[in-house]
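Engineer: mind folding the following:
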Amino acid sequence: MNMAVKLIHKFKDRDNQNMLKVYQDKVGLIRNRNLETWDDGQLQAESLRLQQEAHSGTPLDELLVDAYALVCETAKRQLGLQPYDVQIMAAIALHEQYLAEQYTGEGKTLSAVMPAYLNALTGKGVHVLTFNDYLADRDAAWMGPVYRFLRLTVSPVQAGMSLADKREAYAKDITYVTAKEAGFDYLRDSIVLSADDTVHRPFHYVIVDEADSLLLDEARVPLVISGDSAASGSADIRFAEVARQLKQAEHYEFDEFQRNVYLNEAGAAEAEALLGCGNMYEDHNSHLLTSLNCALHAETLLKKDVDYIVRDGKIELIEEYTGRVAENRYLPDGLQAALTAKEGLHSIAGGRILGTITIQHFISLYPQICGMTATAHVSAGDFEDIYALQVVQIPPNRPNIRIDYPHRIYTHKAAKLKALVQEISAVHKTGRPILIGTSSVEESALLAESLAAAGVPCHVLNAKNDAEEAGIIAKAGVTGAVTVSTNMAGRGVDIRLGGGDPVQAEAIFGLGGLYVIGTHVNESLRIDDQLRGRAGRQGDPGASVFYVSLEDELLLRFGIHTAVRASRRDEALEEPALLRQLASIQRMVMGQNFDIHKELNCYSDMVEDQRRILYAERLRILKGEQPMSPAEQRVRLYYIDEFWADHLAYVSYLREGIHLESLASRNPVDEFHTQITAAYEQLPAKINSAAEMMLEKLGGSNDPAVWDKFGLSSPPSTRTYIISDQYIQNKRSSWTGTTVVAYYLSKIVKPVVRLLFKAKYGPV
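Structural biologist: Numbering: from 1, shown residues only. Got it, this is the predicted structure:
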C-alpha cells in the first residue's frame, strides 16, 4: 500500500473516530432521558407531542434525543430488547443519511427502528428495503409492537398482494418491502391510466438493509414491466443444434477471460452452410447472426448447476453473488430463448417492454437515503461515487475475537478437495459446527458427496432447496452441524451457537465457536468478508479460513497457475507472497468491475433521464394538473405510453449493435447518446400528432366505453420480471470503452502480477 493511500486511510479513520465521539456524546444525552419511571400513557403522550412538533415544522434533528429515548424504552417494554450504545450510534448515523457498517449479529433490525420512527413523525412515510419477502414480513411483525405502541402504523408489502392491500400498506407510516417489489409497483404505477389505480405515494426517506447487496451487487439489475407473452416458435432449437456442431478453436474462440465467445472465419462459413442462409453478415441476415451468437453463448459459456438450474421444466437462473435461485429473473430475450432451447424446453417469448428501471435508479428516487450492512468499508469509494453515501464504521458491542486464518493455497483442485474433506472430518469429530461456502451448486454437490463418502453427514443449502434456508441456517450453529452453502448463506438470519441452547452454546464456546470455511475466494473482498462474518457474532469465539487452488477460476484468469512453478502436490503452498498477491488480484478485479459499471451506467443514465422527464409530464396529466378534458387526458396518457415503449425497443436495438461504432473509430457511448437524443426529441411531435388524430376520431366523447372501442385502455395483462445484466455487461465490456480497462488488465496488470511470482518461483 503506497504512502498516499495510507494517508487517505489515516484521515478517514480519524474522521470516523471523531464522528463516533460525537455520536457517543449524543448517546449519553439519550441515556440521560431516563423514562423508566413513566407509565405507558405518558410514553404515548410523548409520542403524540413529537408528532405534533414534527408536523409543525420543528427540525427532526432537534427531536432526535427525545425520540430515540422513547423508542429505547418502548423496545424494552414491548420486545424485551434494550438497545446497546453501538446500536443507538448506528441509528444516529442512519438518520444523518450515512451508510452504517455494523458487524453481523449486532442488531441492525432494532437500530433501524429509531430513525424509521423519527422520520415517520412527519407523516410522509418511511420505507425499509429488505433483502427478501421473508425479512420484510418478519421485521414488520417483530418491530411492529414498538411502532403501534407509539401510535404509528406499520405493514409489510409482499409479492402477490392485491393492489388494494398494497395501496393500504404503502399508506402506513412505516413500510417494510423488498427493493424489487417496491420497484415493480413503481413501474406498474407508471402505466396506469387513472390516479386511483396507483399504489405508491411520493417517496420520502428510505433505509436500505443489506445495502452492499442492493446498492452495489444488484444496483444495475433492470426491473421490467411488459405486456402479454406469446409462445415462441421452434427456430431457437435450430440454432441450438447448429451451435452444438461447432468446435472450439476450429470454429470459435473465447476472449482472454472467457467471458465472450466469437465465431472465426471458418466458423461463420460452417454456420452458413448448416443454416443454408448465405452471407450471415449481410443486413438482411442480421437476425440470424444474433440468434446464432446467443445459441453459441448459451452452449459454451452458460453452465448448468453453476449459472442456472432446471427445475419443474423451467430454467431458473442463479444469482452470481448469493448462489440462490434468482426468482423471476430472465436473460435478455434472445439469450433466454437460446438457453431454453439448449435444454430442450418450451420457450415463452417476452412481451413488449412497457417500462424499465434499474434498482440503482429506483432507489435514487428517494430524497433521503441511508443504509446498513456488515460489509461496506471495502467498497466505501463505490458508495460515495455512485450515491454520495459515506460509510461510518460502528464498533461492535463486544470485541470481535474471531480468528481469520491465512488462505490455504493448493496446486490443483483435487488436492484442495482432499484437504477440505480431511479438515472437515477432523473438526466434525470434535462436535464443532462448520459452515462451508462453495462457489456453485455443482461444487456444493461434489463436496457433499465427498463428505458422505468420508462418513460426514451435512446439510446442503443451495439454489435447489432455498425454500428451506431459514431452517437450515438456524441449525448451522448446533453441535456437530456441517452446513454446505453456495456462497454466503442466510442474509438477515443469525447463526446462534447451540441453536439457542445455553448448555450446547457453552460446549461449543470451548471448541472455538463456529468454524467457517470458504472453498474459493470471490472477485470481491467484500463477498469473502460476508462469509467470514457468519462466525464471531456478539463477541462469540469463531474462526474462518479459505481454501484456494491455482486451478480456481480467478487465478486461472490471471495466469497464476503458469507463473507458479511449484510441482503438483497435496500439501498447501507455504508462501506469504502468494497470499499478498491474491488479495491484490481481488482489489484489481474490484476496480475493473467498478470501471465497467461506470461505463455501462453511461448507457442507462441518459435513458433514465429521458424517462424521468417524460414521467413527470405524465404524472401532471394523470393528476389533472394540466387543463384538458377526460378524453384528452386518456388519449395523451395512452400515446405517451405507446411511444415510450417504442423508444425502449429502439434503445434495446441500438445497444445491441452500438459496439460496431468502435470498429469505425467512433466512441460508442457518444454515438449512443447522439442517436437516442435524436430519437427522444421526436417523441413530443409523435405524441401530439397521434393524440390529435385520435381526439378527432372520438369527436370529443368522454364515454369510457367509446375509449375502449378505440383501444385506449391499459394492457389486458402485464408481467414484471428482472433482466440479468451479467451477460450484457460481459459483452459490453469487450466492445465499448471498457476495452481500455480490459486492455490495461491484460497487457499491464496481469504481466506485473506474473513478474512478481516469477521473482519468487523462478522463470515461467
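Engineer: could you list the low-confidence segments of the stretch 1-150 of the chain?
Structural biologist: 1-11 (pLDDT under 70).
Engineer: one more time with 50
Structural biologist: 1 (pLDDT under 50).
Engineer: just the strands from it, written as ranges.
Structural biologist: 99-101, 126-130 (DSSP state E, counting those that start in this stretch).
Engineer: quick check: longest helix of the chain.
Structural biologist: helix 576-622 (DSSP state H).
Engineer: residue contacts, Tyr405?
Structural biologist: Tyr405 makes contact with 543-545 under the criterion Cβ atoms under 8 Å, 6 or more residues apart in numbering. Where you see a C-beta, it was placed from the backbone N, CA and C, and this is true even at glycine.
Engineer: so which bits of the helix or strand just after the longest helix of the chain are buried?
Structural biologist: Downstream of helix 576-622, the first helix or strand assigned by DSSP states H and E is helix 630-657. The neighbour-count check on helix 630-657 (16 or more other Cβ atoms under 10 Å) flags 631-641, 643-645, 647-648, 651, 655 as buried.
Engineer: tilt between helix 630-657 and helix 576-622?
Structural biologist: 160 degrees (axes from the mean of the first three to the mean of the last three Cα atoms, to 10 degrees).
Engineer: average pLDDT for helix 630-657?
Structural biologist: The average pLDDT within helix 630-657 is 89.
Engineer: could you measure from Leu275 over to Thr677?
Structural biologist: Taking Cβ to Cβ, to the nearest Å as the measure, Leu275 falls 37 Å from Thr677.
Engineer: more crowded one of these two?
Structural biologist: Neighbour count, other Cβ atoms under 10 Å: between Leu275 and Thr677, Leu275 has more, with 17 against 11.
Engineer: so the more buried one sits against Ser291, correct?
Structural biologist: No: look at Leu275 against Ser291 with Cβ atoms under 8 Å: they stay out of range, at 9.6 Å.
Engineer: show me which of the contacts of Tyr405 is closest to Leu29.
Structural biologist: Ser544 (38.0 Å; Cβ to Cβ).
Engineer: Ala136: neighbouring residues, count only.
Structural biologist: Ala136: 26 neighbours (other Cβ under 10 Å).
Engineer: that one reaches Val177, doesn't it?
Structural biologist: Yes: with contact defined as Cβ under 8 Å, Ala136 reaches Val177; the gap is 5.5 Å.
Engineer: and for these two, which residues touch both?
Structural biologist: Joint contacts of Ala136 and Val177 (Cβ under 8 Å, 6+ apart) are 128, 130, 156-157.
Engineer: which among the residues you listed count as buried?
Structural biologist: So, by 16+ other Cβ under 10 Å, the buried ones in those are 128, 130, 156-157.
Engineer: what is the nearest of the shared contacts of Ala136 and Val177 to Asn593?
Structural biologist: Of those, the one sitting nearest to Asn593 (Cβ to Cβ) turns out to be Thr130, at 25.1 Å.
Engineer: beta partners for that closest one?
Structural biologist: Beta-bridge partners for Thr130, by DSSP bridges, are Thr178.
Engineer: distance of it relative to Val378?
Structural biologist: Thr130 is 22 Å from Val378, by Cβ to Cβ.
Engineer: cool, Thr122 as well?
Structural biologist: Counting by Cβ to Cβ - Thr122 and Val378 are separated by 34 Å.
Engineer: what of Gln530?
Structural biologist: For Gln530, the distance to Val378 - Cβ to Cβ - is 10 Å.
Engineer: now swap in Pro367 and tell me
Structural biologist: Distance from Pro367 to Val378, by Cβ to Cβ: 28 Å.
Engineer: comparing those two, which shows the higher neighbour count?
Structural biologist: Here Pro367 and Val378 are compared on neighbour count by other Cβ under 10 Å; more neighbours surround Val378, at 19 against 12.
Engineer: can I see the domain layout of this protein?
Structural biologist: For the chain, automatic domain parsing gives the domain ranges 12-220+359-393, 230-350, 403-574, 590-744.
Engineer: can you put the ones you listed in JSON lines and add distance to Arg580?
Structural biologist: Below are the domains of the chain laid out as JSON lines (distance: least, Cβ to Cβ, whole Å):
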{"stretch": "domain 12-220+359-393", "distance to Arg580": "16"}
{"stretch": "domain 230-350", "distance to Arg580": "22"}
{"stretch": "domain 403-574", "distance to Arg580": "10"}
{"stretch": "domain 590-744", "distance to Arg580": "16"}
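Engineer: quick one, which of these gets closest to Ala583.
Structural biologist: domain 403-574 (7.1 Å).
Engineer: what's Gln368 sitting at in phi/psi?
Structural biologist: phi -130, psi 120 (degrees, to the nearest 10).
Engineer: touching, it and Val206? I think so.
Structural biologist: Yes: taking contacts as Cβ under 8 Å, Gln368 lies within contact range of Val206: 7.0 Å.
Engineer: so between these two, which is more surrounded?
Structural biologist: Val206 (24 against 15).
Engineer: what's the burial count for the nearest residue to the more buried one once chain neighbours are set aside?
Structural biologist: Nearest residue to Val206, sequence neighbours excluded (Cβ to Cβ, 6 or more residues apart in numbering): Tyr366, at 4.2 Å. Number of residues near Tyr366 (other Cβ under 10 Å) recorded here: 19.
Engineer: what of the one 10 residues further on?
Structural biologist: When counting by other Cβ under 10 Å, one arrives at 27 neighbours for Ala376.
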